[in-house]
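1. fold the following and give me the result.
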Amino acid sequence: MAKTLYTASAHVTGGRADGHGKTSDDALEVDLRLPPEMGGQGGGTNPEQLFAVGYAACFEGALGAVARRAKVDTEEVSIESEVSLHPNESRGFELSVVLAVTMPGVDDAQAVELVKAAHQVCPYSNATRGNIPVTLTANGQPVED
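-> The predicted structure follows:
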């Protein structure tokens, strides 16, 4: 493994149903709760929401890097992110991800190529590749790996 650029650190107690999480720098502090769709009362966040925000933010950073290399302006980019939790055959759980990237002012073909390139750069994409389904679109167009 190469040189470490950054390490995030957090402390969690109580788990996903009635927990609390806080980063070591106090920048993020959340109450963790089961969503109503899973029989919980809501009123907090859950790991899937945190993953959805983290993946979208990371992906946008990767997209910005590949766009700069290609000398393409993507300043108004937005990403809708969905992380779904699914039961599996082993009585465990799996995730799937959908990232819908919108780049106003970038033609569809170029947007697809930029998203494809960002998917090779993004650490979340590299961590999930081959492990869970990740569906990508760019300006409404499907992006194939």
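2. just the helices in this structure please.
-> Using DSSP state H, the helices assigned to the chain run over residues 15-18, 47-69, 108-121, 123-128.
3. from residue 97, how far off is the closest residue to residue 41 other than its chain neighbours?
-> Leaving out its chain neighbours, the residue that sits closest to residue 41 by CB to CB, 6 or more residues apart in numbering is residue 33, at 6.5 Å. Glycine gets a C-beta too; all of them are placed from N, C-alpha and C. To residue 97, residue 33 is 22 Å away according to CB to CB, to the nearest Å.
4. quick check: can you list the domain ranges of the chain?
-> Per the record, the chain has its domains at 1-45, 47-143, by automatic domain parsing.
5. can I get the ones you listed in TSV with mean pLDDT?
-> Below are the domains of the chain laid out as TSV (pLDDT from 0 to 100):
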stretch	mean pLDDT
domain 1-45	95
domain 47-143	97
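6. show me the residue sitting in the middle of this protein in space.
-> Centroid-nearest residue in the chain: residue 55, 1.7 Å away (criterion: CA atoms, centre = their mean).
7. isn't that one right up against residue 97?
-> Yes: counting by CB atoms under 8 Å, residue 55 touches residue 97, with 6.3 Å between them.
8. are there residues contacting both of those two? Which ones?
-> 81, 83 (CB atoms under 8 Å, 6 or more residues apart in numbering).
9. among the domains of the chain, which is the most enclosed?
-> domain 47-143 (a mean of 16; mean count of other CB atoms under 10 Å).
10. need the distance between the two termini of that domain.
-> Domain 47-143 has an end-to-end distance of 26 Å (criterion: CA to CA, to the nearest Å).
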